[in-house]
Every structure is written in C-alpha cells, then in structure tokens.
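>>> using only what follows, build the 3D model:
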Amino acid sequence: MNLKQYQQIKLGFVIVIAIIVSQSIIFKNYFIPVAVMIVGTLVLTILRRKVKGVMADERDYITGGKAAILAIQIYSWIAVVSMFIMLGLQDFNPAYEPIAVTLAFSTCVLMLLYAVIFRYYNKFSLTDKKFMYTAFVLGLFLALAVVGVRLFSGEDDWMCKNGEWVKHGQPDFPAPLVECK
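Purely as a prediction, here's the structure:
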C-alpha cells in the first residue's frame, strides 16, 4: 500500500467514525462510539505499518511538537479564562460552578499529562529530583481531585424532574433561573 492509498482509507475511516459517533450520541448510546474509535485506531495503526515509503521526516516531527505545545497553551488560556468567567457568573446560575471546576481539572490534567509524556520522551531517570517533584505533584493532584469530587459531588443541588426544579438535599442557593426540560 502506498501513502496516497493509506490517506484515502484514513479519510474514509474518519467519515464513517464521525457518522457512527454522531448517530450514537443522538440515540444516547455512549458505548458504541468508544468501541468504534478504539477499533478504528487499531485498524489504522495496522494499516500504517503496511505503508511503503516515507510518511514523515524530522521536520514534520519538529513542526508537530511546536503545534502541540502551542495548542496546549492556547487551550489552557481559553479554559482558565472561561473558568474564571463561569465562577464569576455562578451567582446567576449555580450550574456554572461544575463547568468551571471541570475546566480547571481538565486543564491541570492536560498540562500534567504533557509534562509526564515530555519527561518520558526526554529519557527521565527515577532518581532525578525534578521527576520526583513531578511525581509528587501528580500524586497530590490526584488525591485532591478525589477529595474534590467527593466534596463537590452535588449532594445538595437542584434536579430537574417532570419540568420542575426539585431540591436534592439542602442546596445553599435558589433554583436555577433556566427552564427545566
């Protein structure tokens, strides 16, 4: 198989996976998209190994690395600014707080994951003080995430039932102003 054939097959896979994922989400079946994405990734990985010829050179990898770090930085800034906006608006609608917390945790996980992967590819050693510090911070972050999920799990919140906001526990805030559907 040559590179052009592989790229056409890859484009076909992307189209089919997009259709399956969108239909699965419409029908509220979330297992099928995950399974299809895993199978698609495995098939494309196997097919990529059968390609004859050069797929990329060093310049492509350097450009990809620069693009990846820039994408992480841009996402992080957008997520942090959005998080602060959502936290500022939580008095108008308490549903903004979990969105803000999700943005904060996802940004932290993304940056920590990048740091760990970068360290791995940079040939870390287990005796390196910086690695130990990173591992400690990662462990601390995971512990705080577990505690945060437990403390802010929505025990005292408003739930939408039959078109009305119903108390669940003893929420500290009034019912949301948005319509309950």
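>>> tell me the SS of Cys160?
Assigned by DSSP: H, G, I helix; E, B strand; the rest coil, the conformation of Cys160 is strand.
>>> Provide a list of residues in contact with it.
Counting by C-beta atoms under 8 Å, 6 or more residues apart in numbering, Cys160 touches Val166, Cys180, Lys181. Heads up, the C-betas are built off the backbone N, CA and C, glycines and all.
>>> give me the pLDDT value at it.
At Cys160, the model reports a pLDDT of 84.
>>> which residues does it form beta bridges with?
Taking DSSP bridges as the rule, Cys160 bridges to Trp165.
>>> and it, how far from Glu179?
9 Å (C-beta to C-beta, to the nearest Å).
>>> next, the buried residues of stretch 98-107.
Ile99, Ala100, Val101, Leu103, Ala104, Phe105, Thr107 (16 or more other C-beta atoms under 10 Å).
>>> now for the helix ranked longest in the chain, which elements pack on it?
Identified as the longest helix of the chain according to DSSP state H is helix 58-88. Helices and strands touching helix 58-88, by 3 or more C-beta pairs under 8 Å, 6 or more residues apart in numbering; DSSP states H and E, are helix 96-121.
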